[in-house]
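Asks: Coordinates for the following, if possible.
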Amino acid sequence: MTSPTVKALIATTLFALIAIVLVSSTPAYAINGHGVSYGPEFGGGKLVQYSDGLKINGKTIDISKFSQSIATQKLYIGNPSTITLKIYHHDGSQNIQHVIVFMNLHGNDPQSYQSNTRIEFDKTTGVSVADPNGAFKSVTAQTTSDTNFMYVTFKIVAQKPMDTTHLIVRAWDRNLSSSQVVVLNAVKIGYMPAAFSSTTQ
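Replies: Numbers count the residues shown, from 1 in each chain. Sure thing, here's the model as predicted:
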């Protein structure tokens, strides 16, 4: 007859083998989330790649890497500007719940907790803004979706300057799986040059 010690050893070994199989078959995208969701993506996932994850005032920008430096885009005080995010979800765009753009970030290693300025959209509560310096006169958001992509367009009217800032873009799905990208030197808010302003009137 098998002793209790041997039975316990067999049970422990079997449990360990099952755990190894389950972990090895878990999608990598679920590491930062919960359940079996792949989570949102911005173009650099293993399932689909695309290079138009961000548009600022209509200019297409590739944000498919975790961190990338781009040519600084200018937002002009008093002029409406747009920031559009293209977000992919393997299980369907209806799963994307929340998006935040963190701003007023500087330095070599920006972290979201360093930001005091952000714009965000939630499917349930709509747009919210943290803006202690009063950089924005107004922020609104519009969304469209197809099968696997959700497009979020923030329309921003700025009223105060902001030095060149990195952006951290983060999205969650309804299972709380999340992903983020860092966009270095992304945006600067300033006054429109007088010569350019006169030619647009």
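
Asks: Tell me which strands the one helix or strand residue 168 maps to pairs with, and in which orientation.
Replies: Assessed by DSSP states H and E, residue 168 sits inside strand 162-173. Applying DSSP bridges to the sheet, strand 162-173 is found paired with strand 96-105 (antiparallel), strand 178-190 (antiparallel).

Asks: from these, which stretch is densest packed?
Replies: With neighbours defined as mean count of other C-beta atoms under 10 Å, the strands paired with strand 162-173 peak in mean count at strand 96-105, which reaches a mean of 22. Quick note: C-beta positions are derived from backbone N, CA and C, even for glycine.

Asks: which of the residues in the next helix-or-strand element following that strand are buried?
Replies: Following strand 96-105 in sequence order, the next helix or strand is strand 117-122 (DSSP H and E). If you call a residue buried by 16 or more other C-beta atoms under 10 Å, then strand 117-122 has these buried ones: 117-121.

Asks: so which of the strands paired with strand 162-173 gets nearest residue 58?
Replies: Closest approach to residue 58 among the strands paired with strand 162-173 (C-beta to C-beta): strand 178-190, 14.2 Å.

Asks: Please work out the average pLDDT along the closest one.
Replies: For strand 178-190, mean pLDDT is 97.

Asks: before we move on, back to that, how many degrees apart are the strand holding residue 168 and strand 117-122 in direction?
Replies: 30 degrees (axes from the mean of the first three to the mean of the last three C-alpha atoms, to 10 degrees).

Asks: lowest-pLDDT helix or strand in the chain?
Replies: Least confident helix or strand, the chain: helix 4-24 with a mean of 47, by mean pLDDT, DSSP states H and E.

Asks: how near is the residue lying closest to residue 90 once chain neighbours are set aside to residue 179?
Replies: Computed as C-beta to C-beta, 6 or more residues apart in numbering, the closest residue to residue 90 that is not its neighbour in sequence is residue 38, at 4.0 Å. Taking C-beta to C-beta, to the nearest Å as the measure, residue 38 falls 9 Å from residue 179.

Asks: Please apply the same query to residue 151.
Replies: From residue 151 to residue 179 the distance is 17 Å (C-beta to C-beta).

Asks: Equivalent analysis for residue 48, please.
Replies: 13 Å.

Asks: For the closest residue to residue 178 other than its chain neighbours, give me its contacts.
Replies: Spatial nearest neighbour of residue 178, chain neighbours left out: residue 172 (4.5 Å); criterion: C-beta to C-beta, 6+ apart. Neighbour list for residue 172: 33, 40, 96-99, 178 [criterion: C-beta atoms under 8 Å, 6 or more residues apart in numbering].

Asks: let's see 6 Å
Replies: 97-98, 178 (C-beta atoms under 6 Å, 6 or more residues apart in numbering).

Asks: And for residue 115?
Replies: Residue 115 touches 102, 104-105, counting by C-beta under 6 Å, 6+ apart.

Asks: so how far is the first residue of stretch 104-123 from its last?
Replies: 25 Å (C-alpha to C-alpha, to the nearest Å).

Asks: and it, how far out from the chain's middle?
Replies: On the basis of C-alpha atoms, centre = their mean, to the nearest Å, stretch 104-123 sits 11 Å off its chain's mean C-alpha point.
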